[in-house]
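Peer 1: Have a look; sequence and predicted model below, questions after that.
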Amino acid sequence: MTLEKFIRLMPKVELHVHLEGSIRLETLLTLAERNDVALPINSIEELQDWYQFSDFAHFIEVYFAICSCLRTQDDFELIAAEFLKHQSEQNIKYSEVIFTPYTHHEHVTFDEQLAAINRARKKAETGLGVRMGLVPDISRQIRPVEESFLVVNWAAQNMDKGIIALGLGGPEVD
């Protein structure tokens, strides 16, 4: 057996991946169009260039543009399902997936986000044999900082629904 085949067939885990950052480029363009969100790019080729991050600030700019395209429960279910299908294709049996519920709460409530992601998670567990633990994270940029406790309290109340931990993300300096 070749090393390439061995690696392809070997069961794997992925312990740090961002759901919003895993969106397929084609899906991002579809979501932007469907949800009437203007992106600074219009094609797959431009997206590929835009995804070449020059620094953390550029990464955050792209991340928030991506997040602005997620407006419905269906959007969350779609990106979770596509992510899990891709994990299955790589024989990644378990993933710990970070997502930032606060970023989306104006359009989709925390509970709606979780329900949509869990629909995809449960289908993938049965249909594809892949599992996913969820890590909602809190951005250091939330102001007032007390708003962060909305995520903390919500996550604590939903530990029986796939949430395995709480994360902290964003720039470490102002």
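Peer 2: Cool, the structure landed. Numbers count the residues shown, from 1 in each chain.
Peer 1: quick one: contacts for Gly162?
Peer 2: Taking C-beta atoms under 8 Å, 6 or more residues apart in numbering as the contact definition, Gly162 lies against Leu114, Ile117, Asn118, Arg121, Met132, Gly133, Leu134. Glycine gets a C-beta too; all of them are placed from N, C-alpha and C.
Peer 1: among those residues, which ones are buried?
Peer 2: Among the contacts of Gly162, those that count as buried by neighbour count (16 or more other C-beta atoms under 10 Å) are Leu114, Ile117, Asn118, Arg121, Met132, Leu134.
Peer 1: Just give me the closest of those to Glu4.
Peer 2: Met132 (26.0 Å; C-beta to C-beta).
Peer 1: for the helix or strand that closest one falls within, packing partners?
Peer 2: With the criterion set as DSSP states H and E, the secondary-structure element containing Met132 is strand 131-139. In this structure, strand 131-139 makes packing contacts with helix 73-89, strand 92-99, helix 101-104, helix 110-127, helix 148-157, strand 167-169, judged by 3 or more C-beta pairs under 8 Å, 6 or more residues apart in numbering; DSSP states H and E.
Peer 1: quick check: angle from it to strand 92-99?
Peer 2: With axes from the mean of the first three to the mean of the last three C-alpha atoms, to 10 degrees as the criterion, the two stretches strand 131-139 and strand 92-99 enclose an angle of 20 degrees.
Peer 1: And Phe109, how far from Val37?
Peer 2: One correction, residue 109 is Thr, not Phe. In this structure, Thr109 and Val37 are 19 Å apart, going by C-beta to C-beta, to the nearest Å.
Peer 1: Spell out for me which residue occupies the centre of this structure.
Peer 2: Note on the chain: the residue nearest the mean C-alpha position is Leu19, at 1.3 Å, using C-alpha atoms, centre = their mean.
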